[in-house]
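Visitor: All I have is the shape, not the residue letters:
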């Protein structure tokens, strides 16, 4: 499926099925462009199905970093794919500072959120789909709260700190949900 701007430039190129498979409700592979021909969206399939998808989606044997832009031509995000799998996503504020990043591995996922001034405000880590760590940071980037989970026991520990780094509170939970 292809869509075009009135100027004749490509707007969207999509493949709606898997190789040898059924049609899907969402595109298996998709590449979107702005009016200037810059990439604005990318969805990669397990195998390259579209023009340029092999290169953009890391199907050539090495990870591929690709920049995505807004309709106005500003950098919106950077994505890194290898063999069609998303490894890294970074999105940016309009001024070019990092807004969000997510590192995606086979078992581990780390997401970070940043304030407009570039200060890290929140970090969350998941292993095998389960949340294991959540950290909150102050406006100055000081760690102020942390929670840790285990797959077997759920929430294990909560810690809080004052802005000067001194401990404020620490709670350890037992496997049955009680506090210690």
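Guide: Good, I have the coordinates. Predicted, not measured: the structure shown is a model, and the values here were computed from it.

Visitor: quick one: low-confidence ranges for the protein?
Guide: Scanning the chain for pLDDT under 70 picks out 17-27, 176-180.

Visitor: give me the number of residues near residue 133?
Guide: Under the neighbour criterion other CB atoms under 10 Å, residue 133 is assigned a count of 14. For the C-beta atoms, the positions are set from N, CA and C on the backbone; glycine is no exception.

Visitor: gap between the helix or strand hosting it and the chain center?
Guide: Per DSSP states H and E: residue 133 is located in strand 130-137. With CA atoms, centre = their mean, to the nearest Å as the basis, strand 130-137 stands 15 Å off its chain's centre.

Visitor: Not counting its own residues, what contacts it?
Guide: 119-126, 143-151 (CB atoms under 8 Å, 6 or more residues apart in numbering).

Visitor: Contacts only, for residue 35.
Guide: For residue 35, the contacting residues are 5, 7, 9, 71, by CB under 8 Å, 6+ apart.

Visitor: Of these, which is the most crowded?
Guide: Neighbour counts for these (other CB under 10 Å) peak at residue 5, which has 14 neighbours.

Visitor: if I look at it, how far off is residue 11?
Guide: Note on residue 5: its distance to residue 11, by CB to CB, to the nearest Å, is 5 Å.

Visitor: One more: residue 87?
Guide: Residue 87 sits 27 Å away from residue 11, going by CB to CB.

Visitor: I'd guessed residue 147 sits against residue 160; true?
Guide: No: in this structure, residue 147 is not within contact of residue 160 by CB atoms under 8 Å, at 9.8 Å.

Visitor: Looking at the two, which is more packed in?
Guide: residue 147 (18 against 15).

Visitor: Name the nearest residue to that one, sequence neighbours excluded.
Guide: Take residue 147 and drop its neighbours on the chain: the residue closest to it by CB to CB, 6 or more residues apart in numbering is residue 134, 4.7 Å away.

Visitor: Which of the contacts of strand 130-137 fall within strands?
Guide: Counting by DSSP state E, the part of the contacts of strand 130-137 found in strands is 120-126, 143-150.

Visitor: List the buried residues of stretch 147-165.
Guide: For stretch 147-165, burial by neighbour count (16 or more other CB atoms under 10 Å) applies to 147-149, 156, 158-159, 161.

Visitor: and those residues as a markdown table, adding distance to residue 44?
Guide: Listed next are the buried residues of stretch 147-165 as a markdown table, based on distance: CB to CB, whole Å:
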| residue | distance to residue 44 |
| --- | --- |
| 147 | 33 |
| 148 | 33 |
| 149 | 31 |
| 156 | 36 |
| 158 | 38 |
| 159 | 39 |
| 161 | 41 |
